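In: Here's a sequence, model it:
(one chain, ligands or ions: 2)
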Amino acid sequence: MHRKKIILDLDTGIDDSIALAFAALSSEVELLGVTGTFGNVDTMTGVRNALDVLALVGRTDVPVLAGKTCSLAQEQFCRHAESARIHGENGVGQANLPRSPRVVEKEPAVDFLIRMMNEYRDGLTIVTTGPLTNLATVLLRDPLLHTWRGQVVMMGGALTVRGNVTHFAEANIAQDPEAAKIVMESGLSVTMVPLDVTMRSRLRSSDAERWRSSGSDVGRLFGCMLDYYIANTLGADETYIHDPSAIVCALHPEYFTILPFHMTVETEGVDRGRTVVDHRRLRDRNPATKVCLDVDAGQVERNLANIW
Ligand code: RIB
Ligand code: CA
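Out: Ligands and ions are numbered 1, 2, ... in the order given. Next up, the predicted model:
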């Protein structure tokens, strides 16, 4: 089977961890590396979680690299109380993941991304499930990569629904609107997987129960993490499928209704962090950015039901 070359750029909280485990175990994915960013947790906690998740699923061959530690506009990352509530103090729902003896690679994530993007000019997909700071920094550092022909699939934004941080802004975009604007307007092929679709698919307490009863350590720990996430997000026995939807979209875009739009991001005023169609470009042809507006939720849910 042809496997898709993927790099994951994560702010490893609970749904990022599920996305990572899913990609790491998928026979459809060749996982080239994991780059870490801030968001649900600080960058170093996130890469620590990524190392532990990879060890848990037996993928200690995948390099993990640490990326930017705060947004383009700030000098320091300040974790939102809401992130700690949803993902737990340790980012993985207070689960005691066995500590991986591995350490993060010496190479910075941005250097790694630049190296990989130059090596694979078109056969690589970068899936982002956190703020876009690493990718924006890549473009600022190496403007020639604006002509890169690979794919970016990003979980983030909201087009036809409200944001989940402010009325307008979704969390990953809200963390670094300037970075998101750079990426959206870069000319890279970006597919946005926004709240419009991620909130239509659900993981349920019955999935957590099934994962737990698989008898493996990984199933038990991820079952606990999912229960934690359900209890602190939607409640009522189910939750949205944000980050794993981006992996499913990278592998199976046919499950989604995807429309091309010239997307941009508002960086001023009350709608700072809002993802919108660029009104200046309404008559321009062939947008590089696309937006998922509908999804066959059953397909996404089935993909995630039996990971272990
Ligand atoms: O809005 C959902 C996104 O915010 C997800 O990536 C979640 O992990 C948080 O970062
Ligand atoms: Ca995330």
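In: hey, let's count contacts and neighbours off CA atoms from now on
Out: Will do.
In: Could you check the pLDDT of the residue of the stretch 1-150 of the chain found nearest ligand 1?
Out: Across the stretch 1-150 of the chain, the shortest distance to ligand 1 (CA to the nearest ligand atom) belongs to residue 129, at 4.6 Å. Note on residue 129: pLDDT of 98.
In: what's near enough to touch residue 220?
Out: 211, 212, 213, 214 (CA atoms under 8 Å, 6 or more residues apart in numbering).
In: err, residue 214, not the other one
Out: Shown in contact with residue 214 (CA under 8 Å, 6+ apart): 220, 308.
In: Helix or strand: which one has it?
Out: For residue 214, there is no host helix or strand (DSSP states H and E).
In: tell me which parts of the stretch 51-200 of the chain are close to ligand 2?
Out: Proximity of the stretch 51-200 of the chain to ligand 2, by CA under 5 Å from the ion, involves residues 129, 130.
In: for the stretch 51-200 of the chain, which spans come out with low pLDDT?
Out: The stretch 51-200 of the chain contains no residues with pLDDT under 70.
In: and stretch 195-214, does that touch ligand 1?
Out: No. Contact of stretch 195-214 with ligand 1 (CA under 6 Å from any ligand atom) is absent, the minimum separation being 6.9 Å.
In: Show me how far that stretch is from its chain's centre.
Out: On the basis of CA atoms, centre = their mean, to the nearest Å, stretch 195-214 sits 17 Å off its chain's mean C-alpha point.
In: helix, strand or coil for residue 285?
Out: Taken by DSSP: H, G, I helix; E, B strand; the rest coil, the conformation at residue 285 corresponds to coil.
In: With just CA atoms, put the strand or helix carrying residue 52 into PDB.
Out: Here residue 52 sits within helix 43-56, counting by DSSP H and E. What follows is helix 43-56, C-alpha atoms only, in PDB (Å, rounded to 0.1, in the frame of the first residue of the first chain):
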ATOM      1  CA  THR A  43       6.100  23.400  24.000                       C
ATOM      2  CA  MET A  44       8.300  21.300  26.200                       C
ATOM      3  CA  THR A  45       5.400  19.600  28.000                       C
ATOM      4  CA  GLY A  46       3.900  19.000  24.600                       C
ATOM      5  CA  VAL A  47       7.000  17.300  23.100                       C
ATOM      6  CA  ARG A  48       7.400  15.300  26.300                       C
ATOM      7  CA  ASN A  49       3.800  14.000  25.900                       C
ATOM      8  CA  ALA A  50       4.500  13.300  22.200                       C
ATOM      9  CA  LEU A  51       7.600  11.200  23.200                       C
ATOM     10  CA  ASP A  52       5.500   9.300  25.800                       C
ATOM     11  CA  VAL A  53       2.600   8.600  23.400                       C
ATOM     12  CA  LEU A  54       5.000   7.400  20.700                       C
ATOM     13  CA  ALA A  55       6.700   5.100  23.200                       C
ATOM     14  CA  LEU A  56       3.300   3.800  24.300                       C
END
